[in-house]
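Give me a model of this one.
(chains A and B)
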Amino acid sequence: MAELTSLPPGSGLDLPLQIGSAALAQAGLGACASVMPFKGQLSEVNTRLKSRFSARLADVGRSQEAAVWTCWMGRNLWFLWGVPPTRLAEALAGAAAVTDQSDAWAIMDLTGQDAGHILARLTPIDLDPGVFPPGATARTELAHIMASVTALGQGYRIMVPRSYVGTLVHDIGQAMRSIDAQQALS
Amino acid sequence: MSRLPDGGMVDRSKALKFRFDGRLYKGLAGDTLASALLANDVRLVGRSFKYHRPRGVLSAGSEEPNALVELGEFAHRLPNTRATTQELFDGLVARSQNRWPSLRFDAMEINDLLAPFLAAGFYYKTFMWPAAFWEKLYEPVIRRAAGLGRLSGQRDPSEYDKAWAHCDLLVIGAGPAGLSAALRAGQSGARVILADEDFVLGGRLVAERQDLGGWTDQVAAELDSMPNVTVMRRTTVTGAYDTGTYGALQRVADHLGHVPQHTPRQTFWRIVARRAVLAGGAVERPIAFPNNDRPGVMLAGAVRAYVKRWAVAPGRQVAVFTNNNDGWKTATDLVAAGVRVTAVVDSRSGVTLPKGPWRGFTGAVIQDTAGRQGLRNVTVRDASGTRRIEADCLAVSGGWNPNVHLTCHMNGRPLWREDIEAFVSASGAIPGLAVAGAAAGAFSTKAALEQGSAVAAEALEDLGLTPVPLDLPEAEDAPVKTSAFWHVPEGRGRAWVDFQNDVTVKDIQIAHAENFRSVEHMKRYTTLGMATDQGKTSNIAGLAILAELAGQTIPDVGTTTFRPPYTPVQLGVLGARAQGNGFAPTRLTPSHAASTARGAPMVEAGLWLRAQWFPQSGETYWRQSCDREVAMVRGAVGICDVTTLGKIDIQGPDAAQFLDRVYSNMMSSLAPGRVRYGLMLREDGFVMDDGTCACLAPGHYVVTTTTGAAGEVMAHLEFCAQCLWPDLDVAMISVTEQWAQFAVAGPMSRAVVNGVVDPEVTDSTFPFLGCGVLTVGGVSGRLFRISFSGEHAYEIAVPAQYGDALYRNLVARAEMLGGGAYGMEALNVMRIEKGLLTHAELHGRTTADDLGLARMVAAKKDCIGKVMSQRPGLHGPEREQLVGLRPVDRTAKLTGGARLTRPGAEPVRTQDEGYLTSVCHSPDLGHMIGLAFLRNGRARLGQTVQAVDFLRDGTTLCEVVAIPFIDPEGEKLRG
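Purely as a prediction, here's the structure:
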């Protein structure tokens, strides 16, 4: 048969979204894999990651921008972008469980000076830069969805399971409009 | 006009038009509705709850019990809006409430004449019988007569919002204590939120003539400019909750005539604060005396506030009635502002009143008042006798009650302080919250400023921050001089304690006489403090009067419980972001667009939307589509999106052992390339979920769950791995969203599959319950030979981005073979025909034995729930067991949920023998069939039972049959 055509998450949605000074856009990060080191294998995993991909797993509650972007995603769980999952699985065989997560997540970047105010409508975590500086990441609830939120510096990276992307864009869009409208109030 | 010629924090250049009861008035920017009404000499603003007494403005704040109006019109109408806190805006429309036909001529005023019959307990005593009359007659009549504002009956078109905020220090109240606390914390570098319910900062500082010069404005400006300080005006902290979380209502646009699109009218905040300072001030308390509720009788501090802040004289001739020195300030402030004060009446003997152009009385009380729709004069009684004094406004002060409400929200009880005759909060009543200023009983400005600064410093030190020193301005430091005086004991006429609920001193006496002596009983019997103001101006007086009757002290009587919210919160704002689609997220499948394009109606399954059926031209009823789709799958091939089923990837050296422990049946013997049906039990031995387990490689499995239980099973497995067996080396992660997965079912399914996969699939490469990785349309996919229809079937999975393309391709291929897409209804019919289970059967109260799956609890190994499943009573003939049912009369209908009894038995609980869980019309058999749990069912095949549906259609006689209904040998499955 002919090759299957690809449809990224959020196809058909009105994206990117620019309202006032805030923007919401899909982050195209490419292939993504989860890495769960087996018992006692964390340093072995990091050694292999360093030698093969010049990468290492980020600290707990942190993401890390290097040759590949890694993000802590929960207990003994990291995501790595930019390396084909099959290659990663091969490299980490016996040291970690690797799964392909490239298609499982919708990834959006919310940027602009009001990004924090917008997310304060949707997520209970404290996004103040003093508490949640660039690079900090958390698994939390966002718009009633179990999400991952990472501080970027100029905004936030939000990840939700792919099937929720319509609700995510709707709810963030609603909060963007609301914050923008409130800026005009006396 | 009662607007004074100068002064006030109003903008005289900005006139605002507004309507009250249809009449046009003018106010000024900076006014509240109450100050604007008073400026226009409107003193009668509402009618009381029960007796429909004429009422006017009592206070100048959120404690207001009287001046409640309906704000706005039509769908925007908001009842019970306090005129004292509602900011005036151009075009504001308000109406008085609880009156008919008009405010001045209210027909229900008849209640006032009937007052002797309507005292506390009247309803309880009068409407006892006949019992049936209560719901049909009494209650509707009473409801029409009583009550406050009216709801519009329409959907509220306003937008509302909810949000979270975080800070080091939350300062509640922006009076002198709050301002000094916020300023010190802000200057020390802490993250501060300062919330005040008013639209200007300052608290009493903007209400008193003795202010601090420009200090308040200067501090407000400084706080506004600090990046680490968030000043939230128009924000009421409504509740204190666990772990430093506070609820706060921000009125974002309630002060605007035109609310711009997308702007929330209000935002409800959850503020998480590491420390908090309650600087909420105090509420002045009235004194109960006969006819103390006439429009014009006001709180003394409020009268000062109207004069100072809004430059409005609430009367032309003002008398003052007080039991404390603070009340005197009203007389001096008013005279200074050019308002005539006719008398100062002090309940205390032996005090020396300040000198002024008024008649002074000590050891004196107000014994009565006159003026039906507005005060005309007051009767003063002292040792020398009684006399009438001209007054169209009486400023009353019975002392001040610290606002301890928030400190009671976690069940803290306030403490009585004899020196100030008031309750203050117990320390530590709310962890992390300190109280300062008038809220802590420190009533002088100097004390408030110092306390605010001190508690802020303490909180900062607690948090490891270093408080900077703070320079405080010079301020008055008058000591509290008061002598408890709650009500005037003699005199004719009713003396009101709770204005909003129309509770009088006599009502409390009745309650006490009838033995409702606990304060909680008295409250409920009289309804004192139970109105929308929660008794802010009445509770303590009520307690004091009860104490007096009982011969006890006030602290001995105790207090009722203050509960959140501090002031009323609209349900609309609590439900913000949860209306319509905001109620819950929606999850869409990879085939959603293609299914919608085919006109498929959607059904919710968990949060997912799944296609119910795919109507074709000429089909007008769902059964036509469903029957066609079943026939299509059974005769050719059908395609169905099963992405929604939970998929969990499990890997690790101990993965097989882990699976053996969580599944009731053996999984460690599963070879790579094979799939096995599995059953999971809960700890208590009942069935939790079922699904499949596929072995992709040694130590690498993918298990599936039902759609609805995906989250529950994932959490259960995580619990098992993290808490029960942390020694096992196993890693798991959801891959539900990674893979788009489609069932390809029917005798021609292999032909469809072979059209898209490489290499070709045969019976030997993919026998029944085989699985493997292969190429699908150029991408790496997975194929499982499993079936939920009883047909030769596959489930084919590709990364989700290719799901839409693969689904369209599969459906097109199926259509060429006489098949096509099928939905949930057809899927359900086929699984019932085949006797396969869903959560209609796995509903949490059934065991493996009930389901006929006892052999799936492996004898050779242990698993979660195994021991408990062997308890007596969880298996055997006394249990209700899964069987099939078909109607004896093949045209008869079966309904899900119908109860089963023996034929002819009376359909009562004691005869109950089970119930129908799932029913459908079987196109293959031509009649309805059902799955049911029937007592000792497996031994009763061939017998008849009757199914009784109490909610729908009567009784159906059914035959008990074996399941599955079709293909019992599973030939189609394997063929």
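
which helices and strands does the worst-scoring helix or strand of chain A on mean pLDDT pack with?
Sorting the helices and strands of chain A by mean pLDDT, DSSP states H and E puts strand A:63-65 at the bottom, at a mean of 90. Other elements packing on strand A:63-65 under the criterion 3 or more CB pairs under 8 Å, 6 or more residues apart in numbering or on different chains; DSSP states H and E are strand A:69-74. Any C-beta I mention is one placed from the backbone N, CA and C, and that applies to glycine too.

Name all residues that make contact with the residue nearest in space to the middle of chain A.
Closest residue to the average C-alpha location of chain A: A:Met159 at 4.1 Å, with CA atoms, centre = their mean. If you count contacts by CB atoms under 8 Å, 6 or more residues apart in numbering or on different chains, A:Met159 has them with A:Trp105, A:Ala106, A:Ile107, A:Met108, A:Ala147, A:Ser148, A:Val149, A:Thr150.

just B:Arg952 next, same as before
Applying CB under 8 Å, 6+ apart, the residues near B:Arg952 are B:Thr895.

now do 10 Å
B:Lys893, B:Thr895, B:Gly896, B:Gly897, B:Ala898 (CB atoms under 10 Å, 6 or more residues apart in numbering or on different chains).

got a winner among those for most neighbours?
Neighbour counts for the contacts of B:Arg952 peak at B:Ala898, which has 28 neighbours (criterion: other CB atoms under 10 Å in any protein chain shown).

Could you check how many residues crowd around the residue in the stretch 851-975 of chain B positioned nearest to chain A?
Nearest residue of the stretch 851-975 of chain B to chain A: B:Ile864, at 20.8 Å (CB to the nearest CB). By other CB under 10 Å, 21 other residues sit near B:Ile864.

Quick check: it touching B:Arg661?
Yes - look at B:Ile864 against B:Arg661 with CB atoms under 10 Å: they come within range, at 6.4 Å.

What does the pLDDT read for residue 69?
In the absence of a named chain, chain A is used. At A:Trp69, the pLDDT value in this model is 92.

That was the other one, I meant chain B.
B:Val69 carries a pLDDT score of 96 in this model.

and it, that's in a strand?
Yes - per DSSP: H, G, I helix; E, B strand; the rest coil, B:Val69 lies within a strand segment.

give me the low-pLDDT residue ranges for chain A?
A:186 (pLDDT under 70).

So which residues of it form helices?
Residue ranges of the helices in chain A, as given by DSSP state H, are A:42-53, A:85-91, A:115-119, A:165-183.

near chain B, anything from the shortest one?
By that I understand helix A:115-119. Yes - residues of helix A:115-119 contacting chain B under CB under 10 Å from any CB of the partner chain: A:His117, A:Ile118, A:Leu119.

Neighbour count added to the residues you listed, as TSV?
Formatted as TSV, these follow (neighbours: other CB atoms under 10 Å in any protein chain shown):
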residue	neighbour count
A:His117	19
A:Ile118	28
A:Leu119	24
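
just to revisit the earlier point, just the contacts of A:Met159 now: which is nearest chain B?
Distances from chain B to the contacts of A:Met159, taken by CB to the nearest CB, are shortest for A:Trp105, at 7.1 Å.

A:Leu13 - nearest residue in space that isn't next to it in sequence?
Excluding its sequence neighbours, the residue lying closest to A:Leu13 (CB to CB, 6 or more residues apart in numbering or on different chains) is A:Val169, at 5.1 Å.

Enumerate every residue touching that neighbour.
Residues near A:Val169 by CB under 10 Å, 6+ apart: A:Pro9, A:Gly10, A:Leu13, A:Asp14, A:Leu15, A:Leu17, A:Leu24, A:Gln26, A:Ala106, A:Met108, A:Ala143, A:Val160.

rerun that using 7 Å as the cut-off
With contacts defined as CB atoms under 7 Å, 6 or more residues apart in numbering or on different chains, A:Val169 is in contact with A:Gly10, A:Leu13, A:Leu15, A:Leu24.

Check the gap between the second one and chain B for me.
Right, the one you point to is A:Leu13. 11 Å (CB to the nearest CB, to the nearest Å).

Quick check: that residue touching A:Gly166?
Yes - proximity of A:Leu13 to A:Gly166 meets the contact threshold set by CB atoms under 7 Å, at 6.5 Å.

Pull the number of nearby residues for the residue lying closest to A:Ser21 once chain neighbours are set aside.
Nearest residue to A:Ser21 in three dimensions, chain neighbours excluded: A:Gly112, at 4.4 Å (CB to CB, 6+ apart). Neighbourhood size, A:Gly112 [other CB under 10 Å]: 20.

surely A:Gly112 meets A:Ile19?
No - in this structure, A:Gly112 is not within contact of A:Ile19 by CB under 7 Å, at 8.8 Å.

How about the residues of the stretch 701-850 of chain B by chain A?
B:729, B:731, B:733, B:735, B:737-738, B:755-756, B:777-779, B:798-802, B:804-806, B:809 (CB under 7 Å from any CB of the partner chain).

Secondary structure class of the nearest residue to B:Gly926 once chain neighbours are set aside, three-state.
Closest residue to B:Gly926 apart from its sequence neighbours, by CB to CB, 6+ apart: B:Arg890 at 7.2 Å. Put simply, B:Arg890 is coil when judged by three-state DSSP.

right, and B:Arg890 touches B:Leu925 too?
No - using CB under 7 Å as the test, B:Arg890 is too far from B:Leu925 to be in contact (8.5 Å).

Touching both of these two, which residues are there?
Common contacts of B:Arg890 and B:Leu925, defined by CB under 7 Å, 6+ apart, are absent altogether.

From B:Ala279, how far off is B:Leu169?
Distance, B:Leu169 to B:Ala279, using CB to CB, to the nearest Å: 11 Å.

Which of the two has more residues huddled nearby?
Using other CB under 10 Å as the criterion, B:Leu169 and B:Ala279 rank with B:Ala279 on top: 34 against 30.

ok, now which ones touch that one?
Counted by CB under 7 Å, 6+ apart, B:Ala279 has contacts B:Val171, B:Ile172, B:Gly173, B:Gly175, B:Ala177, B:Gly178, B:Ala181, B:Ala436, B:Gly437, B:Ala439, B:Gly452.

Perfect, that will be all.
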